[in-house]
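Novice: pasting the sequence and the predicted coordinates here, then a few questions.
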Amino acid sequence: LEYRHLLNNQAANMFDFKRTKKALLNFYRVADLSLFGELEPVIFAALGALIEYLQLTQKDNLPPLTFPKNQAAQKYLAIDSATYRHLEIFTNQGELKKANLLTVIDHTVTAAGGRLLEELLRYPLLEPKAIEARLNLVSACYQNESFTNQLRELLKASLDLERQLVKISQNQASGRQLLMIAKSLMVAQEIKALIANNNLPKLNKISQDLPALAELDQQLQIISETAPALLSKGNLLKTGVDQRLDYLRNLRQKQEVLLADLASQYQQMTKINNLRIKHNNLLGYVIEVNKNQAAKMPETVFRHRQTLLNAIRFSSHELDQLEAELLKAEEEIWQIELAHFERLTEAIMQHYDQLKQVARILARLDCVSSFAVLARLEGYVRPIIKTDQKLLIKGGFHPVVAKFLPEHEPEFTKNDSYFDQKERLMLLTGP
């Protein structure tokens with residue numbers, strides 16, 4: 001109900017099976033729906049309608065979408081929104097908004113790790129094998145504190161690779177996004193080496209799953225460390241990448257010196273010491289002098305451009321020529337950098353799925369290492385997973401209540417709990 005104001009009603013025929021089937025086949029460029037696996041017709045209808053809605057709203061900025069996967073219900077615990085709300089997993093209904101499970105246990109160091117942590121809480125695992133696999137990763141981090149600290153420092157530099165990929169796929173990227181992707185790839189390789197150097201068998205699989213992407217990494221090394229947020233600002237590439245670009249940059253710098261020399265020449269000619277050459281977004285380069293000195297500007301050399309309250313602006317033939325050369329150099333610089341930018345974004349899109357995998361693995365490492373940090377801080381222990389329908393907790397405590405006890409209250413009193421097929425109910429009473 002709380003999301004109702006965000007919903008847009010669509011026509012019923014948008015969910016027609018024949019229509020949605022055509023949308024799916026065309027979008028994924030396949031000939032048969034069998035490639036999607038065994039899905040109910042209603043699921044195909046929902047997927048096709050979603051594709052059509054995205055095409056309608058995103059137009060040419062539709063991001064790459066992987067093949068839909070059917071999340072097996074038996075793998076995850078199904079929890080409805082009311083239960084999440086009452087258990088205060090993500091939010092708290094009282095005055096203390098931060099008194100919820102997610103906030104209390106979140107020790108992730110990246111935005112992607114934080115998003116994945118929330119996803120893990122929304123889809124708790126049911127299969128013992130999958131639970132043990134995750135616990136093995138946490139255990140490897142818990143038992144190797146020095147490694148975990150180094151890992152988390154590296155992760156802080158990964159710069160949300162997932163979000164940068166979205167921007168590039170939607171043609172909203174700049175040199176800054178390319179630089180962030182380059183740094184994230186470098187971090188991934190450093191983490192791969194860190195795992196190998198620490199001889200951690202439990203982390204070998206996750207390390208092997210990290211794509212190398214050495215060629216793409218090498219291509220991205222041409223990005224300047226000071227790449228701007230706007231491509232039009234220039235300075236996208238390092239010096240030495242493109243000879244023509246280096247020549248034009250040097251020419252631009254010399255022209256700026258020539259502008260300064262020209263201003264000095266005009267000062268000597270007119271005896272106006274405060275004569276300045278300035279750039280105006282509307283007029284371009286202009287020669288500006290105080291209003292009471294305008295008479296010293298000979299009409300044979302200077303022509304009037306603009307009168308201000310306290311100043312008058314002029315131009316000259318020499319200044320026009322310099323400006324034309326400068327604009328020509330700027331335009332060619334822009335074209336060269338744009339060509340390199342388009343080539344690099346195309347290379348990134350060719351490795352989109354592998355980069356998504358890198359982003360997912362970095363987020364996963366952030367999560368499991370944060371669990372290890374949490375366990376060390378709060379004294380958590382690894383549970384023993386069994387399938388005998390028994391639950392034994394020794395010295396258990398509520399993580400949220402324990403964290404937000406009033407200052408005058410004593411520490412949380414830890415309790416033991418035991419449940420089996422006979423003892424399945426416990427009655428808790430107030431003080």
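Specialist: Received it, and whenever you're ready, just let me know what you need.
Novice: for the residue nearest in space to the middle of the chain, pull up the helix or strand it's in.
Specialist: Central residue of the chain (Cα atoms, centre = their mean): residue 163, 2.7 Å from the mean position. Per DSSP states H and E: residue 163 is located in helix 161-169.
Novice: just the buried positions in that helix, please.
Specialist: Neighbour counts over helix 161-169 (16 or more other Cβ atoms under 10 Å) mark 161, 162, 164, 165, 166, 167, 168, 169 as buried. Placement of C-beta: from N, CA and C, glycine included.
Novice: CA atoms only for it - export them in PDB, please.
Specialist: Only the C-alpha atoms of helix 161-169 are listed here, as PDB (Å, rounded to 0.1, in the frame of the first residue of the first chain):
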ATOM      1  CA  LEU A 161      31.400  -0.400 -10.200                       C
ATOM      2  CA  GLU A 162      27.800  -1.500 -10.600                       C
ATOM      3  CA  ARG A 163      26.400   2.100 -10.700                       C
ATOM      4  CA  GLN A 164      29.100   3.300 -13.100                       C
ATOM      5  CA  LEU A 165      28.200   0.500 -15.500                       C
ATOM      6  CA  VAL A 166      24.500   1.600 -15.400                       C
ATOM      7  CA  LYS A 167      25.500   5.100 -16.300                       C
ATOM      8  CA  ILE A 168      27.600   4.000 -19.200                       C
ATOM      9  CA  SER A 169      24.900   1.700 -20.500                       C
END
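Novice: helices and strands around the next helix or strand after it, which ones?
Specialist: Using DSSP H and E, the helix or strand that directly follows helix 161-169 along the chain is helix 175-197. Identification of packing neighbours for helix 175-197 by 3 or more Cβ pairs under 8 Å, 6 or more residues apart in numbering; DSSP states H and E yields helix 145-155, helix 161-169, helix 204-208, helix 214-219, helix 317-350, helix 352-378.
Novice: redo the ones you listed as a markdown table? Include mean pLDDT and distance to residue 53.
Specialist: Shown next, in a markdown table, are those (pLDDT from 0 to 100; distance: least, Cβ to Cβ, whole Å):
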| stretch | mean pLDDT | distance to residue 53 |
| --- | --- | --- |
| helix 145-155 | 96 | 35 |
| helix 161-169 | 90 | 17 |
| helix 204-208 | 89 | 35 |
| helix 214-219 | 92 | 32 |
| helix 317-350 | 92 | 23 |
| helix 352-378 | 95 | 22 |
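Novice: circling back to that earlier point, ok, residues contacting the helix holding residue 163?
Specialist: Applying Cβ atoms under 8 Å, 6 or more residues apart in numbering, the contact partners of helix 161-169 are 61, 63-64, 111-112, 173, 177, 180-181, 184, 345, 348-349, 352, 355-356, 358-360, 362-363.
Novice: how about 10 Å then?
Specialist: Contact with helix 161-169 is made by 61-65, 110-112, 115-116, 160, 172-174, 176-185, 187-188, 344-346, 348-349, 351-352, 355-356, 358-360, 362-363, as judged by Cβ atoms under 10 Å, 6 or more residues apart in numbering.
Novice: same deal with stretch 253-262?
Specialist: With Cβ under 10 Å, 6+ apart, stretch 253-262 has contacts from 277-279, 285, 287, 316, 318-319, 321-323, 325-326, 329-330.
Novice: the same query, at a cut-off of 7 Å, please.
Specialist: Residues outside stretch 253-262 that contact it (Cβ atoms under 7 Å, 6 or more residues apart in numbering) are 277, 318, 319, 322, 325, 326.
Novice: buried residues in that stretch, which are they?
Specialist: 255, 259, 262.
Novice: repeat that for stretch 321-333.
Specialist: Residues 322, 323, 326, 329, 332, 333 are the ones in stretch 321-333 that count as buried (16+ other Cβ under 10 Å).
Novice: check the gap between the closest residue to residue 186 other than its chain neighbours and residue 268 for me.
Specialist: Excluding the flanking residues, the one nearest residue 186 by Cβ to Cβ, 6 or more residues apart in numbering is residue 217, at 7.0 Å. Applying Cβ to Cβ, to the nearest Å, the value for residue 217 to residue 268 is 54 Å.
Novice: out of the contacts of helix 161-169, which end up buried?
Specialist: Applying 16+ other Cβ under 10 Å to these flags 110, 112, 115-116, 160, 173-174, 176-185, 187-188, 344-345, 348, 351, 355-356, 358-359, 362-363 as buried.
Novice: got phi/psi on residue 283?
Specialist: Backbone geometry at residue 283, expressed as degrees, to the nearest 10, gives phi -100, psi -20.
Novice: quick one: contacts for the closest residue to it other than its chain neighbours?
Specialist: Spatial nearest neighbour of residue 283, excluding adjacent residues (Cβ to Cβ, 6+ apart): residue 305 at 5.9 Å. With contact set as Cβ under 7 Å, 6+ apart, residue 305 has these partners: 283, 286, 313, 314, 315.
Novice: tell me the SS of residue 305?
Specialist: strand (DSSP: H, G, I helix; E, B strand; the rest coil).
Novice: and it, how far from residue 276?
Specialist: 14 Å.
Novice: and what of residue 316?
Specialist: 14 Å.
Novice: of the two, which one has the most company?
Specialist: Each of residue 316 and residue 276 has its neighbours counted (other Cβ atoms under 10 Å); residue 316 has more, 18 against 14.
Novice: residues touching the more buried one, list them.
Specialist: Contacts of residue 316 were listed using Cβ under 7 Å, 6+ apart, and they are 287, 301, 302.
Novice: tell me the contacts of the second one?
Specialist: The one in question is residue 301. Here residue 301 is in contact with residue 316 (Cβ under 7 Å, 6+ apart).
Novice: assumed residue 394 was part of a strand.
Specialist: Yes - judged by three-state DSSP, residue 394 forms part of a strand.
Novice: buried subset of the contacts of residue 305?
Specialist: Using 16+ other Cβ under 10 Å as the burial test, those include 286, 313, 314, 315 as buried.
Novice: tell me who's in contact with the last one.
Specialist: Taking Cβ under 7 Å, 6+ apart, we find residue 315 in contact with 286, 287, 303, 305.
Novice: returning to that earlier point: could you export the helices and strands packed on helix 175-197 to TSV, including columns for distance to residue 33?
Specialist: Formatted as TSV, the helices and strands packed on helix 175-197 follow (distance: least, Cβ to Cβ, whole Å):
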stretch	distance to residue 33
helix 145-155	40
helix 161-169	25
helix 204-208	33
helix 214-219	33
helix 317-350	26
helix 352-378	21
